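**Student:** Quick one, fold the following:
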Amino acid sequence: MHRSIHVDIMGRTYPLRVHEDSEDLMRRIAEYVDEKLQTIQENLPDRPELTVAIVGALSIAEELFVERGRSPVSVEELDKSLSDLSAQLAEALDEEAESS
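**Tutor:** Next up, the predicted model:
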């Protein structure tokens, strides 16, 4: 189910629709983005908000790419491994049920 929330970024309030189970995560993300943009604004006080937002987006994207590079396994590989393990577990449970 979706829920409407409001987050504050750079002194402005933005309405968002999020899944109920991701409300806390979205609030933490918005807080992180706000902190990042506030820091950039402090370092570039004469720049327009759009410039601050673009520099902030690039900075956050850089962090994402660096973290992805550190991960030894891609998300797709992890999903496949989890699917394979799930299938093996289901097969083992079926075998156990048949032998009982």
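
**Student:** and P15, that one's in a strand?
**Tutor:** Yes - using DSSP: H, G, I helix; E, B strand; the rest coil, the assignment for P15 is a strand.

**Student:** Quick check: bridge partners of it?
**Tutor:** Going by DSSP bridges, P15 is paired in beta bridges with H6.

**Student:** Report the separation between it and F65.
**Tutor:** Relative to F65, P15 is positioned 30 Å away (CB to CB, to the nearest Å). For glycine as for every other residue, the C-beta is placed from the backbone atoms N, C-alpha and C.

**Student:** Against R12, how distant is D24?
**Tutor:** Using CB to CB, D24 is found at 21 Å from R12.

**Student:** Give the buried residues for the helix or strand that F65 is a member of.
**Tutor:** Remark: F65 resides in helix 49-70, with elements defined by DSSP states H and E. Of the residues in helix 49-70, those with enough neighbours to count as buried (16 or more other CB atoms under 10 Å) are V52, A53, V55, G56.

**Student:** ok, the last one - contacts?
**Tutor:** Contacts of G56 were listed using CB atoms under 8 Å, 6 or more residues apart in numbering, and they are V33, K36, L37, I40.

**Student:** Quick check: closest non-adjacent residue to it.
**Tutor:** The shortest distance from G56 to any residue other than its chain neighbours is 4.5 Å, reached at L37 (CB to CB, 6 or more residues apart in numbering).

**Student:** separation between the one you found and A90?
**Tutor:** Relative to A90, and taking CB to CB, L37 is found at 46 Å.

**Student:** So if I had to pick from these two, which one is more boxed in?
**Tutor:** Here L37 and A90 are set side by side on neighbour count (other CB atoms under 10 Å), and the busier one is L37, at 21 against 10.

**Student:** For that one, give me its contacts.
**Tutor:** Taking CB under 8 Å, 6+ apart as the definition of contact, the neighbours of L37 are I9, M10, V52, A53, G56.

**Student:** what's the farthest-apart pair in the residues you listed?
**Tutor:** Taking every pair in the contacts of L37 and measuring CB to CB, the maximum separation is 10.9 Å, between I9 and V52.
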